[in-house]
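Participant: Provided below for reference: sequence and predicted model.
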2 protein chains.
Amino acid sequence: MKQVHDKLIGQPVSHIDTPALVIDLDAMERNLSQMMAFAKSHQVRLRPHAKMHKSAALAKLQMQAGAVGVCVQKTSEAEALAAEGVDDIYISNEVIAPHKLTRVVALAKTLAKREGRLAIAVDSLAGVQRLADAADEASLPASLIDVFIELDVGHGRCGVHSSDAVLELAQEISLHTALRFAGLQAYHGRAQHLRSVEERRTAIETVVAIVKQACTVLDEAGLPAALITGAGTGTFGLEATGGVFGELQAGSFLFMDADYASNEPDPAQPQFEHALFVKTQVMSVSAEHAVCDAGHKSHAIESGLPRVRGGLLTYANGGDEHGILRPSKPEGELPALGEVLWLIPGHCDPTVNLHDQMIGVRGGLETGVVEQVIRVDARGALT
Amino acid sequence: MKQVHDKLIGQPVSHIDTPALVIDLDAMERNLSQMMAFAKSHQVRLRPHAKMHKSAALAKLQMQAGAVGVCVQKTSEAEALAAEGVDDIYISNEVIAPHKLTRVVALAKTLAKREGRLAIAVDSLAGVQRLADAADEASLPASLIDVFIELDVGHGRCGVHSSDAVLELAQEISLHTALRFAGLQAYHGRAQHLRSVEERRTAIETVVAIVKQACTVLDEAGLPAALITGAGTGTFGLEATGGVFGELQAGSFLFMDADYASNEPDPAQPQFEHALFVKTQVMSVSAEHAVCDAGHKSHAIESGLPRVRGGLLTYANGGDEHGILRPSKPEGELPALGEVLWLIPGHCDPTVNLHDQMIGVRGGLETGVVEQVIRVDARGALT
């Protein structure tokens, strides 16, 4: 088990060394409450994506608040969270390697013993058959693994492309007693980041139409999809009201990032606060700029550079370990040597994956106190 | 201490789960031999940047081959490598926080006891004074810490901007007995990635001119710079022949990455082979593309997407956990479900920082055997 720096607990924010990943716990909890209230009022299940926080403590917090379980993308992520007590996990992604499917099946057994459950996505006959082979090998009891068929609803990555292909996979799944056909995985990742509400609405209308068509074909064949699962922080309000989705997978809402904050707000969705920050310090100042000690080894930049909390400064890429800071307005001032700044990461998921721990602060970033040091249990869990 | 999967040792390459970071040990050792031969023939010291591999085992390998020590960027990187037996370390970066300077001083003492040495860079009077305060607090013996003054030679990040500022800092350093003025840090990071040899030559000519001017001022003041240190994999041949540099800090040569490979080769420098790869597997295939299980949580993409070894396929961004593969030529074929592919990362430094271990293979990527599992000791060492 990875160690965290729990000596920080009870210390003021000023004691957190830089750079460090810090959670504003008050803001995070408000985000979670808002999301749970939304799911409840729309009568949809929430299964947040834990690929975002990779933390068993946060997965359990979400489940205590009413989430039915969590999603992950990788077998090793599922194993890391299960090892710390998370017992309802959906690998919303394809697994093809037979030795990895052996691990998937072993994990399904473990979770079932704890009255939990494992689910997985498939998009090929070979995928279903290899999963079934691994289940047979382990003499898995009937219906132990929930299997969702991934349908490409516009994202252009994994997933089958027709209702006929969905039916073919559903029929194959139904041949294997250890597997239970659980429904459809229908996630449009690119739609999350379309900036205007109108663009996102159009994209999700298409998603819903594709899903409805597949459901009709499945119904006619007597293999109905029990659950449609998908959606993300950018569009979940549209999936929730689209009439087919029974489960939302949004994850980033918990922390919010600069990229999602660039979307035109959808009045049909709750608005979330930034709750994840990189604490950084100015380590060099020249006449033209200041340099802070957080570069892209501290925060992911593939979805854009971080914003500096407060807006007075603008962050430019300074490489792996540095950020270049300049005033956002010509009349603005440079920060002083040693000054502490807070960065709002461009993209929370890969930012969290750079860190072994997240430091949870209660009472605000200026005068708060460290309440929790949250281990990133599945950091680097790639396989 | 982080654990590595040493059960892999002696296993064939096919047993390495995907995605995984894999070193072609034969290629890596050829790169190291070439670089050492170059440094020897040009009578310059080699102090490779360990911010690239973050591994004590590789730092020690480099020092056994003739490197005088290693550079790091962070105090915690230095601590992680020192804990595993690396004893000559230069923090080629500014440290400002007093509590971190206390750690720097403690580390200097530890290394001195092992007949090693710690060095650090400064670019402000406050930085020198705080370092001296920490040294006084710990009653550090005379000349225990080597201090390099960072001069901005065109990179536009840290460093002072004039010979007068260099002199002022050298004078300040000379006032503190625990500190030894060791010379100048003169690194032009942006010059490394200028694509043409001519652009790089022009940039480093400017570097050399700026350094010479500072040296003249220091000589006249009776505070000569004993050593000029800098250079990277893109330009080190130019620094080595520029007449002022006594030490090269190049690090990426050991692994090479797709970004450095895009430079026009300089005939004055040895050419290096790709020695670092991400092993990945095809997990989904559609009519238009295939999807592999390595996304930007497996390899950094801020300096460009990875190239697929062999060149027959082109990698497109598929998000955190996926890569989209298409034939590089219209007549090319898609890979099959389950097929293994090897990615050449765009940028090796932040790629290594995503992984807890690097799997060292002897005898080639197709039929080789795992010889070593190399821990990334300073992974996530940000502070």
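Facilitator: Sure thing, it's come through.
Participant: can you list the weak-confidence ranges in chain A?
Facilitator: Applying pLDDT under 70 to chain A flags residues A:1-4.
Participant: Return the nearest residue of the stretch 101-250 of chain A with respect to chain B.
Facilitator: The nearest approach of the stretch 101-250 of chain A to chain B comes at A:Cys158, 4.1 Å away (Cβ to the nearest Cβ). (C-beta placed from N, C-alpha, C; glycine too.)
Participant: Give me the distance between the nearest residue to A:Leu8 once chain neighbours are set aside and B:Thr229.
Facilitator: Nearest residue to A:Leu8, sequence neighbours excluded (Cβ to Cβ, 6 or more residues apart in numbering or on different chains): A:Val370, at 4.6 Å. Distance, A:Val370 to B:Thr229, by Cβ to Cβ, to the nearest Å: 38 Å.
Participant: A:Leu25 too?
Facilitator: Distance from A:Leu25 to B:Thr229, by Cβ to Cβ: 44 Å.
Participant: Between those two, point out the one with more neighbours.
Facilitator: B:Thr229 (26 against 21; other Cβ atoms under 10 Å in any protein chain shown).
Participant: I'd assumed B:Glu247 was in contact with the more buried one.
Facilitator: Yes. Between B:Thr229 and B:Glu247 there is a contact under Cβ atoms under 8 Å: 4.0 Å.
Participant: Mutual contacts of these two, please.
Facilitator: B:Arg47 (Cβ atoms under 8 Å, 6 or more residues apart in numbering or on different chains).
Participant: after the one helix or strand A:Leu131 maps to comes which helix or strand?
Facilitator: Element membership for A:Leu131 (DSSP states H and E) is helix A:125-137. Sequence-wise, the next helix or strand downstream of helix A:125-137 (DSSP H and E) is strand A:145-150.
Participant: residue contacts, the residue located most distally from the centre of chain A?
Facilitator: Residue farthest from the centre of chain A, counting by Cα atoms, centre = their mean, is A:Ala287 at 40.9 Å. By Cβ under 8 Å, 6+ apart, the contact list for A:Ala287 reads B:His161.
Participant: Give the next helix or strand downstream of the longest helix belonging to chain A.
Facilitator: If you go by DSSP state H, chain A has its longest helix at helix A:197-220. Following helix A:197-220 in sequence order, the next helix or strand is strand A:227-230 (DSSP H and E).
Participant: I would like the residues contacting the helix or strand just after that following strand, please.
Facilitator: Going down the chain from strand A:227-230, the next helix or strand is helix A:236-240, by DSSP H and E. For helix A:236-240, the surrounding residues in contact (Cβ under 8 Å, 6+ apart) are A:38-39, A:42, A:44, A:200-201, A:204-205, A:207-208, A:230-231, A:245, A:248, A:250, A:253, A:266, A:268-269.
Participant: Now that we have those residues, which of them are buried?
Facilitator: A:38-39, A:42, A:44, A:200-201, A:204, A:207-208, A:230-231, A:245, A:248, A:250, A:253, A:266, A:269 (16 or more other Cβ atoms under 10 Å in any protein chain shown).
Participant: Just give me the neighbour total for the residue of the stretch 101-250 of chain A closest to chain B.
Facilitator: With other Cβ under 10 Å as criterion, A:Cys158 counts 26.
Participant: For the closest residue to A:His53 other than its chain neighbours, give me its contacts.
Facilitator: Distances taken as Cβ to Cβ, 6+ apart place A:Val352 nearest to A:His53, at 5.8 Å, with adjacent residues excluded. Neighbour list for A:Val352: A:21, A:52-55, A:255, A:276, A:358, A:376, A:379 [criterion: Cβ under 8 Å, 6+ apart].
Participant: Distance check, A:Val352 against A:Phe277.
Facilitator: In terms of Cβ to Cβ, A:Val352 sits 12 Å off from A:Phe277.
Participant: Near chain B, which residues of the stretch 251-383 of chain A? Just list them.
Facilitator: A:281-287, A:289, A:291, A:294, A:296-298, A:300-302, A:317-322, A:324, A:337-338, A:349-350, A:353-356, A:379-380, A:382-383 (Cβ under 8 Å from any Cβ of the partner chain).
Participant: Please enumerate the strands of the stretch 251-383 of chain A.
Facilitator: Along the stretch 251-383 of chain A, the stretches classed as strands by DSSP state E, counting those that start in this stretch are A:276-285, A:290-292, A:307-308, A:313-317, A:323-327, A:340-344, A:357-362, A:369-375.
Participant: Let me have these in a markdown table, extended by mean neighbour count and distance to B:Ala214.
Facilitator: Listed next are the strands of the stretch 251-383 of chain A as a markdown table, based on neighbours: other Cβ atoms under 10 Å in any protein chain shown; distance: least, Cβ to Cβ, whole Å:
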| stretch | mean neighbour count | distance to B:Ala214 |
| --- | --- | --- |
| strand A:276-285 | 24 | 18 |
| strand A:290-292 | 25 | 20 |
| strand A:307-308 | 20 | 33 |
| strand A:313-317 | 18 | 26 |
| strand A:323-327 | 22 | 23 |
| strand A:340-344 | 23 | 31 |
| strand A:357-362 | 23 | 41 |
| strand A:369-375 | 20 | 44 |
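Participant: helices or strands up against the helix holding A:Leu131?
Facilitator: If contacts are counted by 3 or more Cβ pairs under 8 Å, 6 or more residues apart in numbering or on different chains; DSSP states H and E, helix A:125-137 sits against helix A:98-113, strand A:117-122, strand A:145-150, helix A:163-174, strand A:179-185.
Participant: looking just at contacts, which helices and strands does the third one meet?
Facilitator: Going back to what we said before, that points to strand A:145-150. Strand A:145-150 packs on helix A:98-113, strand A:117-122, helix A:125-137, helix A:163-174, strand A:179-185, going by 3+ Cβ pairs under 8 Å, 6+ apart.
Participant: now the second one
Facilitator: Here strand A:117-122 is seen to pack against strand A:88-91, helix A:98-113, helix A:125-137, strand A:145-150 when contacts are counted using 3+ Cβ pairs under 8 Å, 6+ apart.
Participant: Specify the local secondary structure of A:Leu21.
Facilitator: Applying DSSP: H, G, I helix; E, B strand; the rest coil to A:Leu21 yields a three-state assignment of strand.
Participant: how close does the closest residue to it other than its chain neighbours get to A:Pro327?
Facilitator: In this structure, A:Leu21 finds its nearest non-sequential neighbour in A:His355, 4.4 Å apart by Cβ to Cβ, 6+ apart. Using Cβ to Cβ, A:His355 is found at 29 Å from A:Pro327.
Participant: next one: A:Gln357
Facilitator: From A:Gln357 to A:Pro327 the distance is 32 Å (Cβ to Cβ).
Participant: want to try CSV for the strands of the stretch 251-383 of chain A, with distance to B:Leu61 as columns?
Facilitator: Below are the strands of the stretch 251-383 of chain A laid out as CSV (distance: least, Cβ to Cβ, whole Å):
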stretch, distance to B:Leu61
strand A:276-285, 31
strand A:290-292, 32
strand A:307-308, 40
strand A:313-317, 31
strand A:323-327, 32
strand A:340-344, 36
strand A:357-362, 30
strand A:369-375, 32
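Participant: Select, out of those strands, the one closest to B:Arg180.
Facilitator: strand A:276-285 (21.8 Å; Cβ to Cβ).
Participant: related to what we said a few turns ago, show me whatever sits in contact with both of A:Val352 and A:Phe277.
Facilitator: Joint contacts of A:Val352 and A:Phe277 (Cβ under 8 Å, 6+ apart) are A:Leu21.
Participant: could I get stretch A:56-71 in CSV with only the CA atoms?
Facilitator: This file holds the C-alpha atoms of stretch A:56-71, laid out as CSV (Å, rounded to 0.1, in the frame of the first residue of the first chain):
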residue,chain,number,x,y,z
ALA,A,56,-11.1,4.3,-2.9
ALA,A,57,-11.8,6.9,-0.2
LEU,A,58,-13.6,9.1,-2.7
ALA,A,59,-15.4,6.2,-4.4
LYS,A,60,-16.7,5.2,-1.0
LEU,A,61,-17.7,8.8,-0.2
GLN,A,62,-19.7,8.9,-3.5
MET,A,63,-21.4,5.6,-2.7
GLN,A,64,-22.3,6.7,0.8
ALA,A,65,-23.9,9.7,-0.8
GLY,A,66,-26.0,7.5,-3.1
ALA,A,67,-23.9,6.5,-6.1
VAL,A,68,-24.6,2.8,-7.0
GLY,A,69,-20.9,2.1,-7.6
VAL,A,70,-18.1,3.4,-9.7
CYS,A,71,-16.7,3.0,-13.2
